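> I'll drop the sequence and a predicted model, then ask my questions.
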Amino acid sequence: MELRHLRYFVAVAEELHFTRAAARLHIGQPPLSQQIQALEAELGVQLFRRTRRTVQLTEAGQHLLGRAREILAASGGVPAELQRIARGEVGELRIGFTSSGVLIGELSRALKRYREAFPAVVMRLREMYTYGQFAALRAGELDIGFVRYNEAEAPPGLVVRPLQRDRLCLIVPQEHRLAGRSEVSIAEVRDEAFIGYPAGLGATLVGYLEDLCLCAGFRPHVTQEAREALTQIGLVAAGMGVAVLAAPMATLSVGGVRFIPLADEGAELVLALALRSEENSPRVQAFIEALASAQA
């Protein structure tokens, strides 16, 4: 049973006259009669009682009329709904971000502009470490990732587009011997206790910090580990050691600490946009355009 058969049936049922129904449908009366007969044969029931002068609905026809109107009404909205999906105006957008990424102004503005432009799209935001985002993107659990990634080559199956470079800072207590400096070298704290992210957590800063220290001729002595940057800052304030974080984290400072930019070459973290290589979702493209607008 095709939708056009239902449209033919409804026209005849409402007009109760084959000639008027045919004119309404812009088809000939004989073909319309043949289509109704074919529908009755397919359903195995008589839908109309016909005489030379009248056309009346049978009980089965009356029941089908209500159902046919429902089906046609529902199907009538399908093209518009599909067109909205094709334009990226509805659906779900899943975005991952690192803790420092959400502090970047462009990202916040992009989120706001996208919500205003596409209010029917449900945004699911997840705070995740970089390597966890890569895994989620490949698994189809995220659509977009905001990651900290300094490497020139993207992970397999992904595209990584640099957005912003942020200086790494040494965080020390206010009373620390280096607290008055405008910048510092990582070598100057080679003998200090470090506070850092747990290894294997998926934070790229773990490896970048170790590489930075190795270039300065030492391996960092990590005595305290904390999963959250705010916890690390609090531990520094308590005198438990020093930490290294991206400059935007200074906005989270609880007082009692100093953020000092590192002068070492390569002492930075790149904020980047990560996508699947074959990504073609209109929702993702619309968000990228909102991000570009926020950066302009």
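The structure has been received and is ready for your questions.
> Packing partners of the lengthiest helix in the chain?
Ranked by residue count and defined by DSSP state H, the top helix of the chain is helix 59-76. In this structure, helix 59-76 packs against helix 3-15, with contacts taken as 3 or more CB pairs under 8 Å, 6 or more residues apart in numbering; DSSP states H and E. Every residue, glycine included, has its C-beta placed from N, CA and C.
> Enumerate the positions of the helix it packs on that are buried.
For helix 3-15, burial by neighbour count (16 or more other CB atoms under 10 Å) applies to 5-6, 8-13, 15.
> Just the angle for that helix relative to helix 59-76, thanks.
120 degrees (axes from the mean of the first three to the mean of the last three CA atoms, to 10 degrees).
> Give me the contacts around helix 3-15.
18, 21, 24-25, 32, 35-36, 38-39, 42, 47-48, 55, 57, 61, 64-65, 68-69, 71-72, 75 (CB atoms under 8 Å, 6 or more residues apart in numbering).
> So which bits of the longest helix of the chain are buried?
61, 64-65, 68.
> and stretch 267-287, which residues are buried?
267-276, 283-284, 286-287.
> hmm, I was thinking of stretch 181-193
For stretch 181-193, using 16+ other CB under 10 Å, the buried residues are 181, 184, 186, 188-189, 192.
> Could you do stretch 217-234 as well?
Those would be 220, 222, 224-226, 229, 232-234, for stretch 217-234 by 16+ other CB under 10 Å.
> just how off-centre is it within its chain?
31 Å (CA atoms, centre = their mean, to the nearest Å).
> Going forward, count from 126.
With the count now opening at 126, the last piece we talked about shows up as stretch 342-359.
> what about residue 243, distance to residue 217?
Applying CB to CB, to the nearest Å, the value for residue 243 to residue 217 is 11 Å.
> ok, residue 181 to residue 138 distance?
10 Å.
> Sheet partners, orientation included, of the longest strand belonging to the chain?
With secondary structure taken from DSSP state E, the chain has its longest strand at strand 283-298. Take DSSP bridges as the rule and strand 283-298 pairs in its sheet with strand 367-371 (antiparallel), strand 382-386 (antiparallel), strand 393-401 (antiparallel).
> I'd like the buried residues of stretch 392-412 written out as CSV, with pLDDT and distance to residue 378 added.
Shown next, in CSV, are the buried residues of stretch 392-412 (pLDDT from 0 to 100; distance: CB to CB, whole Å):
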residue, pLDDT, distance to residue 378
392, 96, 19
393, 95, 19
394, 92, 17
395, 93, 22
396, 91, 19
397, 92, 25
398, 93, 27
399, 96, 28
400, 95, 32
401, 96, 36
408, 89, 36
409, 91, 34
411, 88, 35
412, 89, 30
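> Would you mind reformatting the residues you listed (as CSV) and adding columns for distance to residue 338 while you're at it?
Shown next, in CSV, are these (distance: CB to CB, whole Å):
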residue, distance to residue 338
392, 11
393, 15
394, 15
395, 19
396, 22
397, 23
398, 29
399, 26
400, 32
401, 34
408, 41
409, 37
411, 42
412, 37
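> Out of those residues, which is nearest to residue 377?
residue 394 (15.2 Å; CB to CB).
> hey, what's the residue lying closest to residue 321 once chain neighbours are set aside bridged with?
Ranked by CB to CB, 6 or more residues apart in numbering and with sequence neighbours excluded, the top spatial neighbour of residue 321 is residue 347, at 4.8 Å. Residue 347 has these beta-bridge partners by DSSP bridges: residue 319.
> Tell me how far residue 347 lies from residue 322.
9 Å.
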